[in-house]
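Asker: Coordinates only, no sequence provided:
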């Protein structure tokens with residue numbers, strides 16, 4: 001039985017999130033991608049508190065496909081080579097990837 005994970009990343013715009021989600025699905029790296037946003041973000045950036053917006057992508061995939069998903073996100077969203085991707089394990093019994 002496959003082990004499922006939920007992976008999270010963010011995009012800077014709705015268009016960027018949509019483009020990334022579609023490319024992930026077309027590559028069959030996730031069964032589904034949820035896009036939520038805009039999300040208000042407050043963070044420390046270069047010694048100042050910065051306020052901006054971003055869109056969160058939540059992806060359901062298998063543990064086996066996670067490394068390929070990480071590479072895809074890194075290549076298509078974070079060209080600096082630092083994929084901002086967090087994942088958690090799921091207990092999912094009735095779900096099959098296409």
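Answerer: Yep, it's here. These figures come from a predicted structure and were not determined experimentally. Numbering: from 1, shown residues only.
Asker: In its sheet, which strands sit next to the worst-scoring helix or strand of the chain on mean pLDDT, and in what direction?
Answerer: Within the chain, confidence by mean pLDDT, DSSP states H and E is lowest for strand 86-90 among all helices and strands, at a mean of 75. Partners of strand 86-90 in the sheet, by DSSP bridges, are strand 4-11 (antiparallel).
Asker: any residues touching the least confident helix or strand of the chain, and which ones?
Answerer: Applying CB atoms under 8 Å, 6 or more residues apart in numbering, the set of residues contacting strand 86-90 from outside is 3, 4, 5, 6, 7, 8, 9, 60, 63, 66. The way it works is simple: take the backbone N, C-alpha and C, and place the C-beta from them, glycine included.
Asker: what sits against the first one?
Answerer: What that stands for is residue 3. For residue 3, the contacting residues are 62, 63, 64, 89, taking CB under 8 Å, 6+ apart as the criterion.
Asker: And the last one, by the same measure?
Answerer: The neighbours of residue 66, taking CB under 8 Å, 6+ apart as the test, are 5, 7, 87.
Asker: Spatially nearest residue to the first one (excluding sequence neighbours)?
Answerer: Counting by CB to CB, 6 or more residues apart in numbering, residue 5 lies nearest to residue 87, which is 4.7 Å off, once chain neighbours are set aside.
Asker: What strand or helix carries residue 39?
Answerer: With the criterion set as DSSP states H and E, the secondary-structure element containing residue 39 is strand 32-45.
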